[in-house]
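Participant: output the structure for:
(4 chains)
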4 protein chains.
Amino acid sequence: MSSPLSVSLSATALATSTAVGSSPFEPFGSVALVGKPQANGIAELLGKLAAEIAATGRKVVFEAGTAVALEIQGYPIAPPETLGSQVEVAVVLGGDGTMLGIGRHLAPAGVPLIGVNLGRLGFMTDISLAEMPTVLGAMLDGNYERENRSLLQGCVLRDGAQIFSATALNDVVVNRTSPGGMVELMVTVDGRFMYYQRSDGLIMATPTGSTAYALAAGGPILHPEVGGIVLVPVAPHALSNRPIVLLQDVEVVIELGGERDACVNFDMQSLASLIPGDRVIVRRSPHTATFLHPQGTSYFATLRKKLHWHEYPSA
Amino acid sequence: MSSPLSVSLSATALATSTAVGSSPFEPFGSVALVGKPQANGIAELLGKLAAEIAATGRKVVFEAGTAVALEIQGYPIAPPETLGSQVEVAVVLGGDGTMLGIGRHLAPAGVPLIGVNLGRLGFMTDISLAEMPTVLGAMLDGNYERENRSLLQGCVLRDGAQIFSATALNDVVVNRTSPGGMVELMVTVDGRFMYYQRSDGLIMATPTGSTAYALAAGGPILHPEVGGIVLVPVAPHALSNRPIVLLQDVEVVIELGGERDACVNFDMQSLASLIPGDRVIVRRSPHTATFLHPQGTSYFATLRKKLHWHEYPSA
Amino acid sequence: MSSPLSVSLSATALATSTAVGSSPFEPFGSVALVGKPQANGIAELLGKLAAEIAATGRKVVFEAGTAVALEIQGYPIAPPETLGSQVEVAVVLGGDGTMLGIGRHLAPAGVPLIGVNLGRLGFMTDISLAEMPTVLGAMLDGNYERENRSLLQGCVLRDGAQIFSATALNDVVVNRTSPGGMVELMVTVDGRFMYYQRSDGLIMATPTGSTAYALAAGGPILHPEVGGIVLVPVAPHALSNRPIVLLQDVEVVIELGGERDACVNFDMQSLASLIPGDRVIVRRSPHTATFLHPQGTSYFATLRKKLHWHEYPSA
Amino acid sequence: MSSPLSVSLSATALATSTAVGSSPFEPFGSVALVGKPQANGIAELLGKLAAEIAATGRKVVFEAGTAVALEIQGYPIAPPETLGSQVEVAVVLGGDGTMLGIGRHLAPAGVPLIGVNLGRLGFMTDISLAEMPTVLGAMLDGNYERENRSLLQGCVLRDGAQIFSATALNDVVVNRTSPGGMVELMVTVDGRFMYYQRSDGLIMATPTGSTAYALAAGGPILHPEVGGIVLVPVAPHALSNRPIVLLQDVEVVIELGGERDACVNFDMQSLASLIPGDRVIVRRSPHTATFLHPQGTSYFATLRKKLHWHEYPSA
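Facilitator: Residues are numbered from 1 along each chain as shown, chains lettered A, B, ... in the order given. Down below sits the predicted model:
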């Protein structure tokens, strides 16, 4: 349903925008480019973008997977794991899924991300392709707003030994795997028993993840500045169960009870199978992802647009 | 439905419990007593309690309204406004409503509260009458857990002039007053437009209030340590509207739009009428209320009990 | 926000459309016209429409309130109470509120309604002004789809005597009137106790009303063909309370308990004050309202459009 | 968690109760016994119950699986498929799952069921073990209340050919099987497109099933007399999606869109894998299950007890 990319990035637009105003932050001297390889016209678009950015005297490094899939040549490449040590900022063209993937990798190095959406506007990729030429130059010159997003890190313990670990920017989800049965979960917070829950699953989301799966399951929105995580049950057996927001510095332990297997996934991707008795330990990551937005960006405006809040004075 | 109070408070029980263990905090030397005058048998109960506390060498001061309504004599009295300057702790016998009322008054002086429930266990009055003799002495001796609860302060502006102000421990609620129509509210957060909402009303709740009216309206639970407030619409016209948790340090402005009058109330009590164009300004109070709990108290246990989470391994 | 009416109704369009196809129903020989007087340009629009309909040889009767408010002359008029005995069909220009008002009056006479929306598409006024010229002639000639909508009739008993009665096409709502307190309601169904509920209010809705206030309060959608009514609590104190769908032939009695006054309203309009002990008796009306739609109309399409179900294959 | 069965069934109790009052229905001359083999003490209990019923001159037939698993001898046995042709009523000892299983098999023969719960009270097994001796004799003598429950029948079409079919008393559920992705479903009702939905799954429930999984997912309760089915999405991506109640006589077609596999299950048991393009066709079964209840049984009382509606006049 997405149309081919047709925006032409003029060097003039970039040049012009960089000339405006005094910069609140230092300009970026090196830029990583990351793209969603399946997007229509993405190769040509990234090629032009790289050339324009290089023309401003900046170093351009391609994320290796992007470069290989799209057969882009002429620029240094680096895998996600080491990309963060080679650039000062990353420009990501794709959807929220693309941002999640690279965001987890760049968080330890503290490299911020600029997200450009190729299809429908995303929560994280909040710059449309149409406005990219207007705003990107200014942002690379230091005119932007910073927003830190917390991450979760988790592991799975079986018989006391760690058998899995991963990081999540959106959420950690324990889900049933058998189609006809619930999971049974014993949840403790900082060593204190919270509840024993039977449900389809349990979502533990960051503020970033609060507008993703957790929202579909009935959870509240957490503004990114709120230092909390939210636990949202999916189809809980106890009708009085409710989402609960906890301080982000707690340690949550989810032990699989009952007799059925289950699974845990991080950002709907990294996945581990669980058997009864397994414990999933989740706490805040020491790292944070940093998103950059054009000056004047409003989180609330994104919410209104994405959530279809059509509530203007009565027509 | 509440039965007459029949617990006898033995000085022995108080004396014994005070002898146990080393105290993590300093003992309290002066105690305010506050009661819900309508409770059955409350006069006799407070009389015995005052005598027992005085017998341990502590100063006892009665909240004036309590003393007058129950015709209690022989102790100094003070109105809620000045009670905080005369005591180090307050023991409150009643329900959550009683705690809300006195809690708002004692917050500025930093006087902590101990809540004893005379009927059904409350979220704030979490000590039952039956266990009071066992735990109260120890608490007065300094063996307790402290919990700070944030408050909201708000005012109403009409044509730029402040016409009302009040404080809330639970929530600030803007509600329709006409039975057959919605309120229309324009909400801004720190000067940024959030949404224009049509609904029965809008609840802005502290973590303390998140388990009260906001929960009935579909809001999440906020753990008391979370530094947030939650905005919960009541029966919003836009089906995709959702509760949103904001940082507690924001300033929220709710402007009444449309053509219908409305009202705003604080903790379901202090009340002001609103006309279109009025603005309700709410921010965090500089004061916090402090609740004391017996050692080993679990917030989650209270949640489970109050919310009927009956989810133990499958029967 | 609604723009002035600018559609020109050409007699040709009407004439043409009436010539198409064989009619499944008999043509209508007499037509009532009803309008929302406050709508912008409504007087001119109704005047042209009346002339065009009269030009096809049909009798045109204006609803009295409409004619008086808009100073329309040259046609017979009748108040809502007797309008049903003088026409075979009513064309209503306005919003859902306009339809509710006249629909209750025409139901006893069995006169069907055709709803044309002057602003945003409504659930009941599902013909836009733009498509009216195309479809109205055909409908008056008998090419339409019929849909019956059940009504509720209710009364209030105080000390055994009936003090109020009214009819509702959407819903009967018992609501609190005090801003800071819940209503307490004892609900029985066909003489059997269902629940004692504390809440902001209780909505009893027909399938027609299930997409109005009841939906905002968390109720399900009832397809118009379902022979049921739905009871939806607003902000119920018991978290496990849920909307319940009952057979439409039951008698529901709502008795106001507690100590606070309340009110009951029918379609958000007819209103009665309640005191503790009052009983609201609601049952299905023996009459039904009949809505006519253009051939090929889809109830589900209206739902999708009104409820913003944007769920096409992933973009 | 369930304790061993300790109720002694005295023949006297049975004999006595059967002597009371005139019977509104004919006595049953033959009785099937069905049990949940895993229940603690079930073999002894069924043995005593069979003897007592046989002692009243009735024919007793054991469901084959029950008899084999529990090594019960001395009575004729029959598999679920033919049990219905040999008895006039079935007494089921177990939980709601046991009732679902045998209920689907006995519906075609029109044999009614009496449900006795061995653990927590169920919605369908609404007679406790403690009250069984008091009420069972009377019920077998014809003193009971009848309640018909509709069933769904469904099949899966792949490339036009039927690859699976099953019956459900509770619900038909289309669910995702991949842990990290949504299903995409195109739903049509009687050939009319209703919606294209992305979610964890879609539940189509009878009134019986409305208090099971559908309720956990946010659906309404449908009284058993309501001739409807309810479609409840699980964690739908579109926030404005809502449960919808349809007339029970419709045909619902759910086509799996997108690119991910899924599964469909009937009463959480019979299961089929789905690939994109598969269509699940669901309509009302021509058969109904019949549940018998002790005289004076209240559906609402069961709801209150199971759903923890603790809402009596304020304590």
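Participant: show me where the stretch 1-150 of chain A has its helices.
Facilitator: Counting by DSSP state H, counting those that start in this stretch, the stretch 1-150 of chain A has helices at residues A:11-18, A:42-55, A:64-70, A:80-83, A:96-106, A:132-140.
Participant: does anything pack onto the second one? Which helices or strands?
Facilitator: Same thing as helix A:42-55. helix A:11-18, strand A:30-35, strand A:59-63, helix A:64-70, strand A:89-94 (3 or more CB pairs under 8 Å, 6 or more residues apart in numbering or on different chains; DSSP states H and E). Yep, even glycine has a C-beta here, placed from its N, CA and C like the rest.
Participant: avg pLDDT for the first one?
Facilitator: This means helix A:11-18. The average pLDDT for helix A:11-18 rounds to 41.
Participant: tell me where the model's unsure across chain A.
Facilitator: Scanning chain A with the threshold set as pLDDT under 70 gives A:1-23, A:310-315.
Participant: tell me the centre residue of it?
Facilitator: Closest to where the C-alpha atoms of chain A average out (CA atoms, centre = their mean) is A:L100, at 3.3 Å.
Participant: that one: what's it in contact with?
Facilitator: Going by CB atoms under 8 Å, 6 or more residues apart in numbering or on different chains, A:L100 touches A:M124, A:L169, A:N170, A:D267, A:Q269.
Participant: quick check on these: which are buried?
Facilitator: Among the contacts of A:L100, those classed as buried by 16 or more other CB atoms under 10 Å in any protein chain shown are A:M124, A:L169, A:N170, A:D267.
Participant: out of the residues you listed, the closest to chain D would be?
Facilitator: A:D267 (8.4 Å; CB to the nearest CB).
Participant: tell me how far the closest one lies from D:D141.
Facilitator: Separation of A:D267 from D:D141 (CB to CB, to the nearest Å): 62 Å.
Participant: go on, A:A166?
Facilitator: Taken as CB to CB, the span from A:A166 to D:D141 is 64 Å.
Participant: who wins for proximity to D:A301 among the helices and strands packed on helix A:42-55?
Facilitator: With CB to CB, the closest approach to D:A301 among the helices and strands packed on helix A:42-55 belongs to strand A:89-94: 55.8 Å.
Participant: list the residues that contact A:V34.
Facilitator: Listed by CB under 8 Å, 6+ apart, the contact set of A:V34 reads A:F62, A:E63, A:T66, A:A90, A:V91, A:V92, A:L93, A:G94, A:T98, A:I102.
Participant: which one of these sits closest to chain C?
Facilitator: Of all these, chain C sits closest to A:G94, with 13.5 Å by CB to the nearest CB.
Participant: grab the nearest non-local neighbour of that closest one.
Facilitator: Leaving aside its sequence neighbours, A:G94 sits nearest to A:K36 (CB to CB, 6 or more residues apart in numbering or on different chains; 3.1 Å).
Participant: my guess is that neighbour meets A:D96, correct?
Facilitator: No. Between A:K36 and A:D96 there is no contact under CB atoms under 8 Å: 10.4 Å.
Participant: who in the stretch 151-300 of chain A is up against chain B?
Facilitator: A:184, A:189, A:192-198, A:215, A:219-223, A:225-228, A:230, A:237-238, A:240-247, A:257-258, A:298, A:300 (CB under 8 Å from any CB of the partner chain).
Participant: now intersect the residues you listed with the strands, please.
Facilitator: A:184, A:189, A:192-198, A:221-222, A:228, A:230, A:244-247 (DSSP state E).
Participant: among the residues you listed, which ones are buried?
Facilitator: Neighbour-count burial (16+ other CB under 10 Å) applied to these gives A:184, A:189, A:194-198, A:221-222, A:228, A:230, A:244-247.
Participant: contacts only, for A:P207.
Facilitator: By CB under 8 Å, 6+ apart, the contact set of A:P207 is A:R149, A:S150, A:L222, A:H223, A:P224, A:E225, A:V226, A:G228.
Participant: just give the closest residue to it, not the sequence neighbours.
Facilitator: Once flanking residues are discounted, A:P207 sits nearest to A:L222: 3.9 Å by CB to CB, 6+ apart.
Participant: so the one you found touches A:L246, yeah?
Facilitator: No. If you go by CB under 8 Å, A:L222 and A:L246 don't touch, sitting 10.9 Å apart.
Participant: what do the two both touch?
Facilitator: Common contact partners of A:L222 and A:L246 (CB under 8 Å, 6+ apart): A:G228, A:V230.
Participant: just give me the neighbour total for A:R242.
Facilitator: Neighbours of A:R242 under the rule other CB atoms under 10 Å in any protein chain shown: 24.
Participant: what's across from the closest residue to it other than its chain neighbours in the sheet?
Facilitator: The shortest distance from A:R242 to any non-neighbouring residue, by CB to CB, 6+ apart, is to B:I221 (5.6 Å). With DSSP bridges as the criterion, B:I221 is bridged to A:I244.
Participant: need the contact list for B:I221.
Facilitator: Counting by CB under 8 Å, 6+ apart, the residues that B:I221 touches are A:R242, A:P243, A:I244, A:V245, B:S210, B:T211, B:L215, B:L303.
Participant: try it again at 10 Å.
Facilitator: With contact taken as CB atoms under 10 Å, 6 or more residues apart in numbering or on different chains, B:I221 is in contact with A:220, A:230-231, A:242-246, B:207, B:210-211, B:214-215, B:230, B:299, B:303, B:307.
Participant: for the helices and strands packed on helix A:42-55, which one ends up most surrounded?
Facilitator: Ranked by mean neighbour count under mean count of other CB atoms under 10 Å in any protein chain shown, the helices and strands packed on helix A:42-55 are led by strand A:89-94, which reaches a mean of 26.
Participant: now that strand against strand A:30-35, angle please.
Facilitator: Per axes from the mean of the first three to the mean of the last three CA atoms, to 10 degrees, the angle that strand A:89-94 makes with strand A:30-35 is 10 degrees.
Participant: any idea of the angle strand A:89-94 forms with helix A:96-106?
Facilitator: Orientation note: strand A:89-94 sits at an angle of 150 degrees relative to helix A:96-106 (the same axes, to 10 degrees).
Participant: dump strand A:89-94 to CSV, restricted to CA.
Facilitator: Only the C-alpha atoms of strand A:89-94 are listed here, as CSV (Å, rounded to 0.1, in the frame of the first residue of the first chain):
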residue,chain,number,x,y,z
VAL,A,89,24.3,10.1,15.2
ALA,A,90,22.2,7.6,13.2
VAL,A,91,19.5,8.4,10.6
VAL,A,92,17.0,5.6,10.4
LEU,A,93,14.7,5.2,7.4
GLY,A,94,11.9,2.7,8.0
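Participant: adjacent strands (with direction) for that strand?
Facilitator: Each strand paired with strand A:89-94, and its direction, by DSSP bridges: strand A:30-35 (parallel), strand A:113-117 (parallel).
Participant: specify the angle between that strand and strand A:59-63 in degrees.
Facilitator: Angle, strand A:89-94 to strand A:59-63, by the same axes, to 10 degrees: 40 degrees.
Participant: how about the residue nearest to A:G94, phi and psi?
Facilitator: Phi and psi for A:K36, reported as degrees, to the nearest 10, are phi -90, psi 110.
Participant: for A:A130, see how far away it is.
Facilitator: A:K36 is 18 Å from A:A130, by CB to CB.
Participant: and these two? which has more neighbours close in?
Facilitator: A count of neighbours by other CB under 10 Å puts A:K36 above the other of A:K36 and A:A130, at 19 against 9.
Participant: pretty sure the more buried one sits against A:L118.
Facilitator: Yes. Look at A:K36 against A:L118 with CB atoms under 10 Å: they come within range, at 6.7 Å.
Participant: please enumerate the shared neighbours of those two.
Facilitator: Common neighbours of A:K36 and A:L118 (criterion: CB under 10 Å, 6+ apart): A:I42, A:L93, A:G94, A:G95, A:T98, A:T125.
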